[in-house]
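Q: Provided below are the primary sequence and the corresponding predicted coordinates.
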Number of protein chains: 2
Amino acid sequence: MLVRGAVLLVLGLWLSNPSPAAEPKSADASSAAAALRAADQEWLRVFAAKDLERSVAMCLESGSVLAPNAPRATGQQAIRALFAGFFAIPDLTLAWHPSDARAAKSGDLGYTTGDYQMSFKDPSGKTVSDRGKYVTVWEKQRDGSWRVQLDIFNSDVPVEPPSQ
Amino acid sequence: MLVRGAVLLVLGLWLSNPSPAAEPKSADASSAAAALRAADQEWLRVFAAKDLERSVAMCLESGSVLAPNAPRATGQQAIRALFAGFFAIPDLTLAWHPSDARAAKSGDLGYTTGDYQMSFKDPSGKTVSDRGKYVTVWEKQRDGSWRVQLDIFNSDVPVEPPSQ
């Protein structure tokens, strides 16, 4: 796995991470940004609960999840396989928090971006922590809900040079 | 560095990568998507030429570039430092191509997403290749140009397990 580093700050950040609000441009933009933040955190809620069907259902059938060191997963079937792999990682804990959210004036497209914290047990039983950043692009549906068109993330942690 | 793998497919892809068009939703949306693709490839042109000032100038002052294994670079000063680091990598070649581009109906926000190919020489002089994927979020300016609010990418290449 890519993830390196030792500090176990996951739980603390999980409970108390501040999310500074984006500068609102108008009442509509502010309301749409709040709806995007809510969708972002609803996705976290079902993901952290390892609810595979609800986690996948937040993504559009045309949507893609772009995980590091894996090919682009496009469509709900490929995204389900990717998430099932995540949920099978021993002792996985994961949280993310949007530091910015913005919707287009037309309210049909928007994004959230922020930081994530993750930890899990590697095959030797050692707890590994990771932290990084993400961008999620959302599309508003006819029923007013926001769903994921694109999600991509990567680690902040520097990579150690190869040992040979 | 993260990048692993051996196949030197960079130059071939650079010259001939196909870019399947997104399904246009209207003449406006199609025109905006074309403008986004053009902005995406203009950014590649100045980046591949290692033109630091023009590469940075494509990014908003509020913009962020989210590179793997590095902290989020927000603002033109931080982005300039990040890009200067890239341009100092020996024998760096880099290309990317949008496979999808979409703008909001209001035409103020949009994204491009696609694949990248990269190669460079590591400290031992060995050529290293990488390939991966990216998402760029663009905001349209008053003068009609599109500039980068968010750019994030990660590798497709699996990571080798730690050697110890």
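A: Thanks, I have the structure now.
Q: which secondary structure elements does the helix or strand that residue A:39 is a member of contact?
A: Taking DSSP states H and E as the definition, residue A:39 sits inside helix A:27-48. With contacts taken as 3 or more Cβ pairs under 8 Å, 6 or more residues apart in numbering or on different chains; DSSP states H and E, helix A:27-48 sits against helix A:52-57, strand A:93-103, strand A:109-121, strand A:127-140, strand A:146-155. Heads up, the C-betas are built off the backbone N, CA and C, glycines and all.
Q: Tell me which of these is the most buried.
A: Mean neighbours per residue, mean count of other Cβ atoms under 10 Å in any protein chain shown, is largest over the helices and strands packed on helix A:27-48 for strand A:146-155, with a mean of 24.
Q: any chance of the helices and strands packed on helix A:27-48 in CSV, with distance to residue B:150 too?
A: Converted to CSV, the helices and strands packed on helix A:27-48 look like this (distance: least, Cβ to Cβ, whole Å):
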stretch, distance to residue B:150
helix A:52-57, 23
strand A:93-103, 9
strand A:109-121, 6
strand A:127-140, 5
strand A:146-155, 10
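Q: can you redo these as CSV with distance to residue A:75 and mean pLDDT?
A: Formatted as CSV, these follow (distance: least, Cβ to Cβ, whole Å; pLDDT from 0 to 100):
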stretch, distance to residue A:75, mean pLDDT
helix A:52-57, 10, 98
strand A:93-103, 22, 97
strand A:109-121, 20, 97
strand A:127-140, 15, 97
strand A:146-155, 12, 98
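Q: Adding distance to chain B as columns, could you present the ones you listed in a markdown table?
A: Below are the helices and strands packed on helix A:27-48 laid out as a markdown table (distance: least, Cβ to the nearest Cβ, whole Å):
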| stretch | distance to chain B |
| --- | --- |
| helix A:52-57 | 19 |
| strand A:93-103 | 7 |
| strand A:109-121 | 4 |
| strand A:127-140 | 5 |
| strand A:146-155 | 4 |
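Q: OK, now which residue of chain A is nearest to chain B?
A: residue A:104 (3.1 Å; Cβ to the nearest Cβ).
Q: what's that residue in contact with, if anything?
A: Listed by Cβ atoms under 8 Å, 6 or more residues apart in numbering or on different chains, the contact set of residue A:104 reads A:110, B:104, B:105, B:106, B:108, B:109.
Q: Between which two of these is the distance greatest?
A: Pairwise distances across the contacts of residue A:104 (Cβ to Cβ) peak at 12.3 Å, for the pair A:110 and B:105.
Q: hang on, the earlier thing: what's the separation between the residue of chain A closest to chain B and residue A:79?
A: Counting by Cβ to Cβ, to the nearest Å, the gap from residue A:104 to residue A:79 is 24 Å.
Q: and what of residue A:71?
A: Distance, residue A:71 to residue A:79, by Cβ to Cβ: 12 Å.
Q: next one: residue A:137
A: Taking Cβ to Cβ, one finds residue A:137 at 14 Å from residue A:79.
Q: end to end, how far does stretch A:87-96 reach?
A: 16 Å (Cα to Cα, to the nearest Å).
Q: okay, the residue of chain A closest to chain B: pLDDT?
A: Per-residue confidence at residue A:104 stands at 96 (pLDDT).
Q: What's the separation between it and residue B:107?
A: Taking Cβ to Cβ, one finds residue A:104 at 8 Å from residue B:107.
Q: again with residue A:44
A: 31 Å.
Q: can you check residue A:140 too?
A: 16 Å.
Q: what do you get for residue A:35?
A: Counting by Cβ to Cβ - residue A:35 and residue B:107 are separated by 21 Å.
Q: repeat for residue A:112
A: 21 Å.
Q: Residue A:66 too?
A: Taking Cβ to Cβ, one finds residue A:66 at 25 Å from residue B:107.
Q: Residue A:81: what's it in contact with?
A: Here residue A:81 is in contact with residue A:73 (criterion: Cβ under 8 Å, 6+ apart).
Q: Looks to me like it is in a helix.
A: Yes: looking at residue A:81 with DSSP: H, G, I helix; E, B strand; the rest coil, it is inside a helix.
Q: State the number of residues packed around the residue nearest to residue A:28 when sequence neighbours are not counted.
A: Nearest residue to residue A:28 in three dimensions, chain neighbours excluded: residue A:107, at 7.0 Å (Cβ to Cβ, 6 or more residues apart in numbering or on different chains). Per other Cβ atoms under 10 Å in any protein chain shown, the neighbour tally for residue A:107 reads 18.
Q: Wait, residue A:107 touches residue A:32, no?
A: Yes: look at residue A:107 against residue A:32 with Cβ atoms under 8 Å: they come within range, at 5.3 Å.
Q: phi, psi of the residue nearest to residue A:28?
A: When read as degrees, to the nearest 10, the backbone of residue A:107 gives phi 70, psi 10.
Q: What pLDDT is listed against it?
A: Residue A:107 carries a pLDDT value of 95.
Q: Next: residue A:3.
A: pLDDT at residue A:3 comes out at 40.
Q: mind listing what the residue nearest to residue A:29 when sequence neighbours are not counted touches?
A: The shortest distance from residue A:29 to any non-neighbouring residue, by Cβ to Cβ, 6+ apart, is to residue A:103 (6.2 Å). Counting by Cβ under 8 Å, 6+ apart, residue A:103 touches A:29, A:32, A:33, A:35, A:36, A:109, A:110, A:140, B:109.
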